[in-house]
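> Sequence plus predicted model, see below.
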Amino acid sequence: MYRGLSRPWTARPEPTSGLNVHVLDFTDLDVQGAGFWIEALTQRSHPFELTSRLYDRLAGDALCFFYLMRSGTPILDSVAPGYARLAGHAGQSPNRGDVAVRAWTGIDAERLYPGWRCEGEFDVSGGWYDAGDYGKYVTSGAIAAWQLLSTFDLLLKTESTLSTRLADPLQDECRWQLDWLLRMQVPAGDALSGMAFHRVHGTHWSPLPCWAHEDPTERVLHRPSTGATLQLAAVAAQGARLFRSADPEYAATLLTAARAAYQAAQRHPGLIAPDDHAQFGGGPYGDDRLADDWYWAAVELWLATGDDRYRLHLLASPEHVTDAFDVTGFDFNRVTAPARLDLALVGGDLADYQQVVNSVQLGADRLGELQGQQPWGQPYAPPDGWDWGSNGRILNNLVVIAVAHLVSEDSHYADAVTEGMDYLLGRNALGQSYITGYGRDYTCHQRSRQFGHDLDPAFPPAPQGALAGGANSRPSPDFPYDSRLLGLPPQCCYLDEPTSEVTNDVCIRWNAPLVWIATYLSAISGYWPVSTPEPFDI
């Protein structure tokens, strides 16, 4: 038996939770095993396990989520028992699927994309469904692919049983998404050749729940955007760098696409994706500030090629000297951070490389300072409210801290990452693990069309390793917000219910950093040095 006194948190009530919090510290308890609990007066916690191998299984389960989100291919019971289904949007009745999709036309399309015409049919099959809907979006899909490619890079630098087990599935998933991104590139002969279609989905939201192969909506392509094109360039270049040893021919294909996309964006720098307020069957994923997208594309192309043109572009970008690591966390529309992180990890040939590394450490230090002000240990507490997908933002902040560890070898950053994961696993105001299958009281009623068991028992439930979006205290005017959440402290604005899209959706952009962090924490006992990129040119 281990005894001690709790420490009252100084802020009472604590702002993010509205609770009077006490903190217990038993980090010096040097034992492992299952069946532990904490007892205070007459109250006893859920039983829990103390182990040094907590994240091995989570890394695999979080990655398997992407297999289940695949579009255009059957999901096999032999790979994911209990989740078998037919190929979604593969060109079979009742929908034409994604193998021959036309550009969106009609009054609404003309209003959103005046003057845009695109003839023909396009094969945009494959890739991952974005979230609880069946839309596929280049900007959301690109940053998710970047994170899995980055995880693959982590594994390439380690020698562990986890590397042996995950390297091939990770590579397969990265290629699955990269192949789709290449299909979203407008082919030669069109006025916008080389650009990337912004998104593909139905003209109306598909029913909830609904199997992908039974989706009755008409699939259409939305006008290319400069932002989507630059993000395709960035991730295709990253893929070229990481696949160049295993598959030089594929890497060359990716690099050719990346260069073509960058050149197309230079020809069409002002194609902004409009905000249609989610009225036409999918999310807009709009972004009218593209300086960060230009920077990310230039960084990844330089890292892949060593070409001075891209180096000069990235050095000339105002994003290169800006603070890349806002405490609210990066996302699809704020991609300076991915660029800076990759420069810190593999950009050793850059003249101001040490300043790049310093910026990552300063960002991580600021996040660590914020974390120290939270009894729950999460490096996230925006004063103006918690965002949709707060759990993904927390994980992205943890990625920043973890990269600071990789480039500095300072172990206190690794400790901070471990503590931050505790929040997601149940050390929070609701005592709720936000990862299905992990923890004693975990989320299991996520909002999803294909994991719709709560709404129709014929569908499977959310799989193990699926991350819920999390607490959201900022209502969106375009999506329903449950009135029960109004006025609650930010951490308490969450419902584990299948209709709470703004708190309990699933998304590839949230599960991708979960894969990264779980892999990092599994491999943390072995440290790998930062490498210098080798030029790769076609």
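Perfect, thanks for sending it.
> Give me the buried stretch members for the worst-scoring helix or strand of the chain on mean pLDDT, please.
Every helix and strand in the chain was compared by mean pLDDT, DSSP states H and E; the lowest is strand 48-50, with a mean of 80. Neighbour counts over strand 48-50 (16 or more other Cβ atoms under 10 Å) mark no residue as buried. (Each C-beta comes from the backbone N, C-alpha and C, glycine too.)
> tell me which strands and helices it is in contact with?
strand 33-36 (3 or more Cβ pairs under 8 Å, 6 or more residues apart in numbering; DSSP states H and E).
> What is the strand it packs on packed up against?
Against strand 33-36 (3+ Cβ pairs under 8 Å, 6+ apart) you get strand 48-50.
> Neighbouring strands of the strand it packs on in the sheet, and parallel or not?
Strand pairing for strand 48-50, determined by DSSP bridges: strand 33-36 (antiparallel).
> Contacts for the strand it pairs with next, please.
Applying Cβ atoms under 8 Å, 6 or more residues apart in numbering, the contact partners of strand 33-36 are Pro47, Phe48, Glu49, Leu50, Thr51.
> From what I see, the second one and Ser433 are in contact.
Think Phe48. No - taking Cβ atoms under 8 Å as the definition, Phe48 is not a contact partner of Ser433, at 10.8 Å.
> what residues are shared contacts of these two?
Joint contacts of Phe48 and Ser433 (Cβ under 8 Å, 6+ apart) are Arg440.
> same for the longest helix belonging to the chain, what does it pack against?
Counting by DSSP state H, the longest helix found in the chain is helix 161-183. On a contact count with 3+ Cβ pairs under 8 Å, 6+ apart, helix 161-183 meets helix 56-68, helix 138-156, helix 226-243, helix 248-267, helix 508-522.
> Pick the most deeply packed of those helices.
Neighbour counts (mean count of other Cβ atoms under 10 Å) averaged over each of the helices and strands packed on helix 161-183 peak at helix 226-243, with a mean of 30.
> what's that helix packed up against?
Partner elements for helix 226-243 (3+ Cβ pairs under 8 Å, 6+ apart): helix 138-156, helix 161-183, strand 196-197, helix 248-267, helix 291-305, helix 336-346.
> Tell me how far the second one lies from the chain's centre.
Centroid separation between helix 161-183 and its chain, computed with Cα atoms, centre = their mean, to the nearest Å, is 15 Å.
> thinking again about what came up before, check the helices and strands packed on helix 226-243 for me: which has the lowest mean pLDDT.
When the helices and strands packed on helix 226-243 are ranked by mean pLDDT, helix 161-183 comes last with a mean of 93.
> Okay, angle between that helix and helix 248-267 too, please.
For helix 161-183 against helix 248-267, the angle by axes from the mean of the first three to the mean of the last three Cα atoms, to 10 degrees is 50 degrees.
> Also compute the angle for helix 161-183 relative to helix 508-522, please.
Going by the same axes, to 10 degrees, helix 161-183 makes 160 degrees with helix 508-522.
> Of all the residues in helix 161-183, which ones are buried?
By neighbour count on 16+ other Cβ under 10 Å, the buried set for helix 161-183 is 162-163, 166-167, 169-171, 173-183.
> thought Val356 was touching Arg340?
Yes - with contact defined as Cβ under 8 Å, Val356 reaches Arg340; the gap is 6.4 Å.
> With neighbour numbers in mind, choose between the two.
The residue with more neighbours, out of Val356 and Arg340, is Arg340; 28 against 22, by other Cβ atoms under 10 Å.
> Please report how far that one lies from Asp456.
With distances taken as Cβ to Cβ, to the nearest Å, Arg340 is found 45 Å from Asp456.
> cool, Asp130 as well?
Plainly put, Asp130 is 21 Å away from Asp456 if you go by Cβ to Cβ.
> swap in Ile435?
Per Cβ to Cβ, Ile435 is found 24 Å from Asp456.
> Could you do Ala236 as well?
39 Å.
> With Val407 instead?
Distance from Val407 to Asp456, by Cβ to Cβ: 48 Å.
> Could you check which of these two is surrounded by more residues?
Neighbours around Val407 and Asp456, counted as other Cβ under 10 Å, are more numerous at Val407. The numbers are 21 against 10.
> element containing the more buried one?
helix 390-408 (DSSP states H and E).
> which is the next helix or strand following that helix?
Past helix 390-408, the next helix or strand by DSSP H and E is helix 411-424.
> per-residue confidence averaged over that following helix?
Helix 411-424 comes out at a mean pLDDT of 96.
> and that helix with helix 508-522, angle?
Using the same axes, to 10 degrees, helix 411-424 lies at 130 degrees relative to helix 508-522.
> Tell me which other helices or strands helix 411-424 touches.
Helices and strands touching helix 411-424, by 3+ Cβ pairs under 8 Å, 6+ apart, are helix 353-372, helix 390-408, helix 508-522.
> State the next helix or strand along the chain beyond it.
Counting by DSSP H and E, what follows helix 411-424 is helix 501-504.
> what about that next one, average pLDDT?
In this model, helix 501-504 has a mean pLDDT of 98.
> Quick check: Thr16 vs Thr443, distance?
19 Å.
> do the same with Ala246
Counting by Cβ to Cβ - Ala246 and Thr443 are separated by 36 Å.
> Also Trp146?
For Trp146 relative to Thr443 (Cβ to Cβ), the value is 26 Å.
> now do Arg241
Distance from Arg241 to Thr443, by Cβ to Cβ: 36 Å.
> which stretches of the stretch 51-200 of the chain have low pLDDT?
By pLDDT under 70, the low-scoring segments of the stretch 51-200 of the chain are 159.
> where exactly do the strands run in the stretch 1-150 of the chain?
For the stretch 1-150 of the chain, the strands defined by DSSP state E, counting those that start in this stretch occupy 7-8, 22-23, 33-36, 39-40, 43-44, 48-50, 101-103, 121-122, 136-137.
> I'd like to know which elements the last one is packed against.
Which is strand 136-137. Short answer (3+ Cβ pairs under 8 Å, 6+ apart): strand 136-137 packs on strand 199-202.
> Which neighbouring elements make contact with the following helix or strand past the strand it packs on?
Counting by DSSP H and E, the next helix or strand C-terminal to strand 199-202 is strand 219-221. Helices and strands touching strand 219-221, by 3+ Cβ pairs under 8 Å, 6+ apart, are strand 101-103, strand 199-202.
> Buried residues in the shortest one, which are they?
Buried positions in strand 101-103, judged by neighbour count with 16+ other Cβ under 10 Å: Val101, Ala103.
> so how far is that strand from its chain's centroid?
27 Å.
> What strands line up against it, and which way round?
Applying DSSP bridges, strand 101-103 is found paired with strand 121-122 (antiparallel), strand 219-221 (parallel).
> For these, could you give me JSON lines that also reports distance to Asp422?
Formatted as JSON lines, the strands paired with strand 101-103 follow (distance: least, Cβ to Cβ, whole Å):
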{"stretch": "strand 121-122", "distance to Asp422": "45"}
{"stretch": "strand 219-221", "distance to Asp422": "41"}
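> which one of these has the most crowded surroundings?
Note that of the strands paired with strand 101-103, strand 219-221 is the most buried (mean count of other Cβ under 10 Å), with a mean of 22.
> contact partners of it?
With Cβ under 8 Å, 6+ apart, strand 219-221 has contacts from 89, 95-98, 101-105, 109, 118, 122, 124, 197, 199-203.
> can you check stretch 161-171 too?
Stretch 161-171 is contacted from outside by 56, 59-60, 63-64, 67, 148, 151-152, 155-156, 246, 515, 519, 522-523, using Cβ under 8 Å, 6+ apart.
> ok, those vs Gln231, which is closest?
Using Cβ to Cβ, Leu148 is the member of the contacts of stretch 161-171 that lies nearest Gln231, at 14.6 Å.
> in terms of contact, does the closest one touch Ala512 like I think?
Yes - counting by Cβ under 8 Å, Leu148 touches Ala512, with 5.6 Å between them.
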